[in-house]
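Asker: Give me a model of this one.
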Amino acid sequence: MKIQILGTGCPGARSWRTRPRPKEPGSTTREKITDISEIMKFGVMMTPGLAVDGVVKAVGKVPSLEELKALLN
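Answerer: Have a look, this model is predicted:
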């Protein structure tokens with residue numbers, strides 16, 4: 001599983017780095033994408049964003065821990 005955090009450094013994107021992490025199943029890689037042109041390739045126009053395996057799962061907000069667990073399962 002590849003988890004990508006999309007954001008240019010806004011407080012929401014930064015909070016994902018310090019938030020408690022749910023257990024991630026199997027082999028997981030994490031990537032922070034800050035380049036706006038790369039973020040736009042995902043079709044994300046409002047940050048922060050979250051993509052799992054290249055599919056955008058959240059845009060414009062930081063999901064709660066429960067929401068993150070649901071996204072990863």
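Asker: Spatially nearest residue to residue 60 (excluding sequence neighbours)?
Answerer: Excluding its sequence neighbours, the residue lying closest to residue 60 (Cβ to Cβ, 6 or more residues apart in numbering) is residue 46, at 4.0 Å. No exception for glycine: its C-beta is placed from N, CA and C like everyone else's.
Asker: Let's verify the most centrally placed residue in the chain: helix, strand, or coil?
Answerer: Nearest to the mean C-alpha position of the chain, by Cα atoms, centre = their mean, lies residue 50 at 2.5 Å. Under DSSP: H, G, I helix; E, B strand; the rest coil, residue 50 falls in the strand class.
Asker: ok so, going back, burial check on the residue nearest to residue 60, number of neighbours?
Answerer: Summarising burial for residue 46: neighbours were counted as other Cβ atoms under 10 Å, giving 12.
Asker: What residues are bridge-paired with the residue nearest to residue 59 when sequence neighbours are not counted?
Answerer: Excluding the flanking residues, the one nearest residue 59 by Cβ to Cβ, 6+ apart is residue 49, at 4.9 Å. Taking DSSP bridges as the rule, residue 49 bridges to residue 6, residue 59.
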